[in-house]
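Asker: Take a look and give me a structure for this.
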Amino acid sequence: MDTTTRAMPAFLPDGSVEVPGFTLPVSDLVSAQAAAMQRLRAEMPAFDAAGEDGDIAARRAQINAYMAPQIERLRAAFPVSIVRSVIGGVEVLDVTPAEGGHDPHRVLINLHGGAFCVGWDGVALVEAIPIASLGRIRVISVNYRMAPEHRHPAGVEDVAAVYRALLEDYAPGRIGIYGGSAGGALTAQAAAWLVAHDLPQVGAIGVFGAGGVPFGTGESAYVTGYTDASFPPPPADGSAPVDITYGYFAGCDARDPSAWPGWHPDILAHFPPALIITGTRAMDLSPAIFTHSQLLKAGVRSSLIVGEGMGHCYHYQLDLPEGRDAVEAIVRFFRENLT
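Answerer: Alright, predicted model coming up:
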């Protein structure tokens, strides 16, 4: 290749960069399975993660139908008992290993993904089943209130209600909270909410596919809008992006500490040990990196895993070695940090 004639980025006076068109090859650092999946995307229909359809009931049904085959595979590979229940006045799924023998002294609260408007209970089961089985631990997945029926802080209020009820049976240091995507952001919100409302802090949190600042902040939303395309990049004309949360944060300031604690070092200083997982092709890469850095600056023990060539919430994909590695890291993290 003649490097003297290749297209070069143009650096503009305002600091922006005009990036020339280029072809991004499959990374030679990913597993053979992940490389094969990347090649298959040429033949796969795109999944509309933005979900601009205004019919939320149809959207929720679509997501659950999309997740159903994966849940069937997970239940075959990871036998669990699933009981629908109510804890603290909130509907939950109580997930435990099918053959019993789970840790009676520790529990995890799972907050499902789904852009604060969908994901119950399809995404919830994808997140809870393997963790409960591999971790030999009880997982309580929370049906927190979502948009368009509700607004922030409805979801975190429900998480706090479940947590308060679980404190009757578990020490706070033996309770963990984790979630992916919206559930990852909600996990960070919950850690901040507990501090603000004089509740004891949990033992550890897992923020996956998210951070403590809004989705769309930082560079990764722009870059991965073209390298992954699961989520559209921010509009080039500077107009407001499509609100995939169906207005969940309507009226909420973008730096509200109850919604986005990553901006507030004084709040982060009270966080428990955190595990943050993202990918190089994930739109949440920048929020995750920023949150990790801010936690370290605040003196909090934080661990960051960035999956090479991986997209948003790749830990859902247990058929990939990278996804299985991420789930096993999650299990180890909570085993080591729930005292």
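
Asker: didn't residue 152 look like it was pressed against residue 254?
Answerer: No - using C-beta atoms under 8 Å as the test, residue 152 is too far from residue 254 to be in contact (11.8 Å). For the C-beta atoms, the positions are set from N, CA and C on the backbone; glycine is no exception.

Asker: neighbour count winner among these two?
Answerer: Ranked by neighbour count (other C-beta atoms under 10 Å), residue 152 and residue 254 place residue 152 first, with 22 against 12.

Asker: List of residues touching the longest helix along the chain?
Answerer: Longest helix of the chain, by residue count under DSSP state H: helix 56-77. Applying C-beta atoms under 8 Å, 6 or more residues apart in numbering, the contact partners of helix 56-77 are 47, 51, 53, 114, 117-123, 125-126, 129-130, 148, 246, 316, 318-319.

Asker: buried ones in it?
Answerer: 56, 59, 60, 62, 63, 64, 67, 70, 71, 74 (16 or more other C-beta atoms under 10 Å).

Asker: what's downstream of that helix, the next helix or strand?
Answerer: Sequence-wise, the next helix or strand downstream of helix 56-77 (DSSP states H and E) is strand 80-87.

Asker: starting at the chain centroid, how far to that following strand?
Answerer: With C-alpha atoms, centre = their mean, to the nearest Å as the basis, strand 80-87 stands 22 Å off its chain's centre.

Asker: Need the contact partners of it.
Answerer: 91-98, 125, 128-129, 132-133, 140, 162, 165-166.

Asker: The helix or strand following that strand - contacts with which helices or strands?
Answerer: Heading C-terminal from strand 80-87, the first helix or strand you meet, by DSSP H and E, is strand 90-97. For strand 90-97, the helices and strands in contact under the criterion 3 or more C-beta pairs under 8 Å, 6 or more residues apart in numbering; DSSP states H and E are strand 80-87, helix 122-135, strand 138-142, helix 154-166.

Asker: Buried subset of the contacts of strand 80-87 as a ChimeraX selection?
Answerer: A single ChimeraX command selects the buried members of the contacts of strand 80-87 (16+ other C-beta under 10 Å):
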select :91,92,93,94,95,96,97,125,128,129,132,133,140,162,165,166
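
Asker: shaky segments in the chain?
Answerer: Across the chain, the ranges flagged by pLDDT under 70 are 1-4, 45-53.

Asker: In the stretch 151-300 of the chain, mark out all the helices, start to finish.
Answerer: Using DSSP state H, counting those that start in this stretch, the helices found in the stretch 151-300 of the chain span residues 154-166, 182-196, 220-227, 265-268, 285-297.

Asker: who wins for proximity to residue 16 among the ones you listed?
Answerer: helix 220-227 (10.0 Å; C-beta to C-beta).

Asker: Measure how that closest one sits relative to helix 285-297, angle-wise.
Answerer: Angle of helix 220-227 versus helix 285-297, following axes from the mean of the first three to the mean of the last three C-alpha atoms, to 10 degrees, is 150 degrees.

Asker: Tell me which other helices or strands helix 220-227 touches.
Answerer: helix 285-297.
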